[in-house]
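# Sharing a model that was predicted from the sequence below.
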Amino acid sequence: ETRKRSSSSSSSSLTLLENQPGWGPKSVQNMLSAIERARNPPLWRFINALGLKHLGLSNSKLIADNFGESFARWWSATKEAAMSNDRKQSKGYNKLINIHGIGPRKIDALLEWVLVNQDSCEELAKAVGIFHDTVDDDDHHHDHH
């Protein structure tokens, strides 16, 4: 089965994504059309769109709820856990494992995926405009009159 390279893809990071394990042109197309439909998607939709085998819609929603729908919070915990030498001891892992209804197998699958696809995931988050939903958004509340 030969994979056609789409030269039309304007963004190099997404072309790169096509060659990642677990991503074919179809996943990338699906992601692109999802991105076009939904700028600033809710976090659960973003996680769900990553298409991880073990994480379905309900898991994506549990994770998103747990991190207050903040990509920045979810990503820092997940990335920290994934990069950690002693995964089970990391703060990020503990945040993930404490989500009711999500077991170690699912978390490990997520973290393995993140190790491989970290850059692509960040590119996608930037592409849909959720990468900078910074943890402290207090700026909006300071009205000095």
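Everything's here; your move.

# CA only for contacts and neighbour counts going forward, please
Noted.

# ok, Gly103 - contacts?
Residues near Gly103 by C-alpha atoms under 8 Å, 6 or more residues apart in numbering: Ile97.

# Could you give the separation of the longest helix along the chain from the chain centroid?
In the chain, taking DSSP state H as the definition, the longest helix is helix 104-128. Here helix 104-128 is found 5 Å from its chain centre; the criterion is C-alpha atoms, centre = their mean, to the nearest Å.

# Quick one: mean pLDDT over that helix.
Helix 104-128 shows a mean pLDDT of 92.

# packing partners for that helix?
helix 12-18, helix 71-83, helix 91-97 (3 or more C-alpha pairs under 8 Å, 6 or more residues apart in numbering; DSSP states H and E).

# The residue nearest to Asn117 when sequence neighbours are not counted - how many residues pack around it?
In space, and not counting its chain neighbours, Asn117 is closest to Gln20: 7.5 Å by C-alpha to C-alpha, 6 or more residues apart in numbering. Burial of Gln20 is recorded as 13 neighbouring residues (other C-alpha atoms under 10 Å).

# Using the three-state scheme, assign Gln20.
Secondary structure, DSSP: H, G, I helix; E, B strand; the rest coil: Gln20 is coil.

# what angle sits between the longest helix of the chain and helix 71-83?
With axes from the mean of the first three to the mean of the last three C-alpha atoms, to 10 degrees as the basis, helix 104-128 and helix 71-83 are set at 130 degrees to each other.

# Which residues in helix 104-128 does the neighbour count mark as buried?
Neighbour counts using 16 or more other C-alpha atoms under 10 Å place 106-108, 110-111, 113-114, 117, 120-121, 123-125, 127-128 of helix 104-128 among the buried residues.

# before we move on, what about stretch 66-81?
Within stretch 66-81, the residues that qualify as buried are 66-67, 69-75, 77-81, counting by 16+ other C-alpha under 10 Å.
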